[in-house]
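[1] Quick one, fold the following:
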Amino acid sequence: SATIKSRAEKDHSLKGTKRIIVQRGNVYIGMGRKDNRSILVIPIISAESSKPNTIEYLMLTDIQFNEQVSVSAKVKALGGKYEHIKNLILEYNQEWDDSYLERVDIRELFGLSAEKISESIMSKIAERG
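    This is a model prediction of the structure:
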(Lines give C-alpha, C1' and ligand atoms only; values in the text may rest on other atoms or scores of the structure.)
Protein backbone atom coordinates (compact mmCIF):
# COMPACT_ATOMS: atom_id res chain seq x y z
CA SER A 1 0.00 0.00 0.00
CA ALA A 2 3.05 2.29 0.22
CA THR A 3 2.82 2.95 -3.54
CA ILE A 4 -0.85 3.93 -3.47
CA LYS A 5 -1.65 7.61 -3.21
CA SER A 6 -3.54 8.43 -0.02
CA ARG A 7 -6.35 10.97 0.27
CA ALA A 8 -4.73 11.94 3.60
CA GLU A 9 -1.82 13.51 1.71
CA LYS A 10 -4.14 16.38 0.69
CA ASP A 11 -6.80 16.25 3.44
CA HIS A 12 -5.53 15.30 6.91
CA SER A 13 -8.98 14.96 8.49
CA LEU A 14 -10.03 11.41 9.30
CA LYS A 15 -13.15 10.13 7.59
CA GLY A 16 -15.05 6.89 7.36
CA THR A 17 -13.45 3.67 8.55
CA LYS A 18 -10.22 5.32 9.70
CA ARG A 19 -12.18 7.75 11.87
CA ILE A 20 -14.10 4.83 13.41
CA ILE A 21 -10.84 2.97 14.07
CA VAL A 22 -9.43 5.97 15.94
CA GLN A 23 -12.65 6.58 17.90
CA ARG A 24 -12.89 2.97 19.04
CA GLY A 25 -9.19 2.14 19.16
CA ASN A 26 -9.78 -1.23 17.50
CA VAL A 27 -7.76 -3.13 14.93
CA TYR A 28 -9.62 -3.34 11.61
CA ILE A 29 -9.52 -6.37 9.33
CA GLY A 30 -11.53 -6.05 6.15
CA MET A 31 -11.78 -4.50 2.74
CA GLY A 32 -10.97 -1.02 1.55
CA ARG A 33 -14.27 0.71 0.78
CA LYS A 34 -13.18 2.23 -2.53
CA ASP A 35 -10.80 -0.39 -3.90
CA ASN A 36 -11.91 -3.63 -2.17
CA ARG A 37 -8.31 -4.44 -1.19
CA SER A 38 -7.99 -6.76 1.80
CA ILE A 39 -6.38 -4.67 4.54
CA LEU A 40 -5.34 -4.68 8.17
CA VAL A 41 -5.30 -1.33 9.99
CA ILE A 42 -3.67 -1.11 13.40
CA PRO A 43 -3.91 2.01 15.57
CA ILE A 44 -0.48 2.91 17.01
CA ILE A 45 -0.55 4.43 20.51
CA SER A 46 1.82 7.31 21.29
CA ALA A 47 4.97 6.39 23.24
CA GLU A 48 5.13 9.89 24.73
CA SER A 49 4.10 10.14 28.38
CA SER A 50 2.48 13.51 27.62
CA LYS A 51 0.03 11.74 25.25
CA PRO A 52 -1.10 8.61 27.12
CA ASN A 53 -3.58 6.43 25.23
CA THR A 54 -3.48 8.74 22.21
CA ILE A 55 -3.52 7.13 18.79
CA GLU A 56 -0.68 8.81 16.96
CA TYR A 57 -0.53 6.74 13.77
CA LEU A 58 -2.48 4.20 11.77
CA MET A 59 -0.53 1.35 10.23
CA LEU A 60 -2.22 0.00 7.11
CA THR A 61 -1.00 -3.11 5.38
CA ASP A 62 -2.35 -5.21 2.54
CA ILE A 63 -3.18 -8.78 3.55
CA GLN A 64 -4.37 -12.03 2.05
CA PHE A 65 -7.02 -14.08 3.77
CA ASN A 66 -6.45 -17.76 4.40
CA GLU A 67 -9.45 -19.51 2.83
CA GLN A 68 -8.91 -22.64 4.96
CA VAL A 69 -9.73 -21.25 8.40
CA SER A 70 -11.65 -23.28 10.98
CA VAL A 71 -14.98 -22.02 12.26
CA SER A 72 -13.54 -21.68 15.77
CA ALA A 73 -10.71 -19.49 14.43
CA LYS A 74 -13.25 -17.31 12.60
CA VAL A 75 -15.30 -16.92 15.79
CA LYS A 76 -12.20 -15.88 17.73
CA ALA A 77 -11.02 -13.44 15.04
CA LEU A 78 -14.46 -11.82 14.70
CA GLY A 79 -14.55 -10.96 18.40
CA GLY A 80 -17.62 -8.86 19.29
CA LYS A 81 -18.77 -8.86 15.67
CA TYR A 82 -19.50 -12.59 16.06
CA GLU A 83 -22.00 -11.89 18.86
CA HIS A 84 -23.59 -9.13 16.78
CA ILE A 85 -24.06 -11.48 13.78
CA LYS A 86 -25.40 -14.24 16.01
CA ASN A 87 -27.91 -11.92 17.72
CA LEU A 88 -29.16 -10.59 14.39
CA ILE A 89 -29.81 -14.15 13.18
CA LEU A 90 -31.63 -14.95 16.43
CA GLU A 91 -33.87 -11.90 15.82
CA TYR A 92 -35.17 -13.72 12.73
CA ASN A 93 -36.30 -16.53 15.08
CA GLN A 94 -33.63 -18.69 13.47
CA GLU A 95 -31.63 -20.98 15.72
CA TRP A 96 -27.92 -20.11 15.58
CA ASP A 97 -25.27 -22.52 14.31
CA ASP A 98 -21.60 -21.53 14.02
CA SER A 99 -21.50 -23.37 10.69
CA TYR A 100 -23.41 -20.42 9.20
CA LEU A 101 -20.08 -18.60 9.13
CA GLU A 102 -18.91 -21.15 6.53
CA ARG A 103 -21.56 -19.79 4.15
CA VAL A 104 -19.93 -16.37 3.99
CA ASP A 105 -16.77 -15.64 1.99
CA ILE A 106 -13.98 -14.78 4.42
CA ARG A 107 -13.38 -11.37 2.79
CA GLU A 108 -17.04 -10.50 3.29
CA LEU A 109 -17.03 -11.91 6.83
CA PHE A 110 -14.46 -9.30 7.83
CA GLY A 111 -15.25 -6.59 5.28
CA LEU A 112 -19.02 -6.28 5.58
CA SER A 113 -21.13 -5.07 8.49
CA ALA A 114 -22.78 -7.57 10.82
CA GLU A 115 -26.13 -6.52 9.36
CA LYS A 116 -25.07 -7.33 5.78
CA ILE A 117 -23.57 -10.66 6.89
CA SER A 118 -26.75 -11.69 8.72
CA GLU A 119 -28.84 -10.78 5.64
CA SER A 120 -26.54 -12.92 3.50
CA ILE A 121 -26.79 -15.85 5.90
CA MET A 122 -30.58 -15.60 6.06
CA SER A 123 -30.89 -15.52 2.26
CA LYS A 124 -28.73 -18.66 2.03
CA ILE A 125 -30.86 -20.38 4.68
CA ALA A 126 -33.99 -19.47 2.69
CA GLU A 127 -32.46 -20.85 -0.55
CA ARG A 128 -31.80 -24.21 1.10
CA GLY A 129 -35.30 -24.37 2.53
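[2] can we go C-alpha only for contacts and neighbour counts from here?
    Fine.
[3] Tell me where the chain has strands.
    Per DSSP state E, the chain carries strands over the ranges 28-31, 38-45, 55-62.
[4] Count the residues that sit near residue 74.
    For residue 74, the neighbour count with other C-alpha atoms under 10 Å is 17.
[5] which residues touch it?
    Residue 74 sits next to residue 101 when contact means C-alpha atoms under 8 Å, 6 or more residues apart in numbering.
[6] sorry, back to before: for the strands of the chain, give me TSV that also has distance to residue 99 and mean pLDDT.
    Shown next, in TSV, are these (distance: least, C-alpha to C-alpha, whole Å; pLDDT from 0 to 100):
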stretch	distance to residue 99	mean pLDDT
strand 28-31	20	86
strand 38-45	23	91
strand 55-62	28	90
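[7] Save these as CSV, and put in mean neighbour count and distance to residue 19 too.
    CSV is the format used below for the strands of the chain (neighbours: other C-alpha atoms under 10 Å; distance: least, C-alpha to C-alpha, whole Å):
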stretch, mean neighbour count, distance to residue 19
strand 28-31, 21, 11
strand 38-45, 18, 11
strand 55-62, 14, 10
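[8] The ones you listed: which one's closest to residue 119?
    strand 28-31 (17.9 Å; C-alpha to C-alpha).
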